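1. Predicted model and sequence follow; I will ask about them next.
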Amino acid sequence: MKKIYSIVLLLSFTVLLGQPPSSQSKDLKFIFEPDSLSLNIGEEASVLIRLVDADGNLANNPFYVYGRPRRALESKPRISDSTGVAVVTIKAFKPGKLGLSVRSIAQKREDRVMGNMPIEVPFPPLDRIVFNDPISNVYVGTSVNYKTEVFDKANLKRTESKVLLTSSDADVAEFDSYGNLVAKKSGKIQVVASVDDIKESLNIKVSKNPVRKISLTADKDEIRTGDVLQLELPSMKIKKVLKFKKGAQSLIIGGSHVGMISTIKDEETTRSTKPNLVMYEGFQTIRPYSFIVGEKKSMVSLPEVKV
């Protein structure tokens, strides 16, 4: 019977020793060696992390290890040994100001000790500009919007890079203030996309427009800029006028909210050459990016995008 009691006492003592000491947690701190790092994308490095008490002795308290932000910095292992020591291998996947974070394991949240080591990962040099589904043949009197993407040497998309689009012959076609190429007369040009010292060009042919005129038959009293006409085919008779007004349903055709259908809440008139601002639920955009698709209910539906 005494032997059984001894085993129970020994097990209890062992369990108590294995639990993190909460009363001393406020005196614990993390030591990183080195205390900071600079890595390029794809590079690895090792970091020694120790959790020590006020006298510099190991705390005998394990801790978690994780990279911040997620998926930008990989760290292995994810937990230290029981003495409070970890040799962590880190690998950078994205540029920016990253961090290797640690958190002690404790029974109570207020007893947890945290630490962080800064890691600087510079942005790779820009590599190329890509035109997205470019149109190489345009007609006089029409306008085309060209979309581009910028990639760096690590093949990462650099959304913060602003691409400048220019035409080799402004008499044939030139870009307006909204980034649309406006075709003026027949000819050939090069559209040049540039950012920093990276350039990409696209050959464009501007042809005479085969359409001479469009005749519309209307019995509507008032049509204003921004209104959308629903036409009857093939007669081209105006069937309905969708007014640009508060409460109308609008398809966003440009900007960061492109593709959304939302209700117009209000319109702010700007006292400058800049376009008016249209207010929606939770965001705003310029008036040229708003295309009316219904009065109280949208007359069009967008296909679902499966991710």
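-> Cool, got the structure.
2. Show me the strands in the stretch 201-307 of the chain, by range?
-> In the stretch 201-307 of the chain, the segments counted as strands under DSSP state E, counting those that start in this stretch are 228-232, 237-242, 249-252, 261-263, 266-268, 277-280, 283-286, 290-294.
3. now the angle from the last one to strand 237-242?
-> It refers to strand 290-294. Strand 290-294 runs at 110 degrees relative to strand 237-242, counting by axes from the mean of the first three to the mean of the last three C-alpha atoms, to 10 degrees.
4. how far is strand 290-294 from where the chain is centred?
-> Distance of strand 290-294 from the chain centroid (C-alpha atoms, centre = their mean, to the nearest Å) equals 26 Å.
5. Leu231 contacts Lys239, correct?
-> Yes: here Leu231 reaches Lys239: they are 6.3 Å apart, a contact under C-beta atoms under 8 Å. For every residue, glycine as well, the C-beta is placed using N, CA and C.
6. Neighbour count: these two, which is higher?
-> Between Leu231 and Lys239, counted using other C-beta atoms under 10 Å, the more crowded position is Leu231 (15 against 10).
7. where in this protein is pLDDT low?
-> For the chain, applying pLDDT under 70 flags the ranges 1-26, 212-221, 302-307.
8. contacting residues for the residue nearest to the spatial centre of it?
-> Taking C-alpha atoms, centre = their mean, the centroid of the chain lies closest to Thr159, which sits 7.3 Å from it. The neighbours of Thr159, taking C-beta atoms under 8 Å, 6 or more residues apart in numbering as the test, are Val150.
9. Now do the same for it: helix, strand or coil?
-> Using DSSP: H, G, I helix; E, B strand; the rest coil, the structure places Thr159 in coil.
10. Roughly how far does Gly247 sit from Tyr289?
-> 18 Å (C-beta to C-beta, to the nearest Å).
11. the more surrounded of these two?
-> Between Gly247 and Tyr289, Tyr289 has the larger neighbour count (other C-beta under 10 Å), namely 18 against 10.
12. Cross-check the contact I'm expecting between the more buried one and Gly255.
-> Yes: here Tyr289 reaches Gly255: they are 5.0 Å apart, a contact under C-beta under 8 Å.
13. what's across from the nearest residue to Gly84 once chain neighbours are set aside in the sheet?
-> Excluding its sequence neighbours, the residue lying closest to Gly84 (C-beta to C-beta, 6 or more residues apart in numbering) is Leu51, at 3.6 Å. Using DSSP bridges, the bridge partners assigned to Leu51 are Phe30.
14. Contacts only, for Leu51.
-> Leu51 touches 28-31, 58-59, 61, 63, 80, 84-85, 102, 104, 113, counting by C-beta under 8 Å, 6+ apart.
15. let's go with 10 Å and repeat that
-> If you count contacts by C-beta atoms under 10 Å, 6 or more residues apart in numbering, Leu51 has them with 20, 25, 28-31, 58-63, 80, 83-86, 102, 104-105, 113, 115.
16. What are the boundaries of the strands in the stretch 51-200 of the chain?
-> Along the stretch 51-200 of the chain, the segments classed as strands by DSSP E, counting those that start in this stretch run 63-68, 73-76, 85-92, 96-104, 114-121, 126-132, 137-139, 143-145, 147-152, 164-167, 173-175, 180-183, 187-195, 198-207.
17. Of all these, which one comes closest to Arg224?
-> Relative to Arg224, the nearest member of the strands of the stretch 51-200 of the chain by C-beta to C-beta is strand 143-145, separated by 20.8 Å.
18. That closest one pairs with which strands, parallel or anti?
-> Counting by DSSP bridges, the strands paired with strand 143-145 are strand 180-183 (antiparallel).
19. what does the strand it pairs with contact?
-> 135, 138-146, 165, 167, 170, 172-176, 189, 191, 204-207, 209, 254, 288.
20. again, only using 6 Å
-> Residues from elsewhere that reach strand 180-183 (C-beta atoms under 6 Å, 6 or more residues apart in numbering): Val138, Val140, Thr142, Ser143, Val144, Asn145, Ala173, Phe175, Asp176, Val206.
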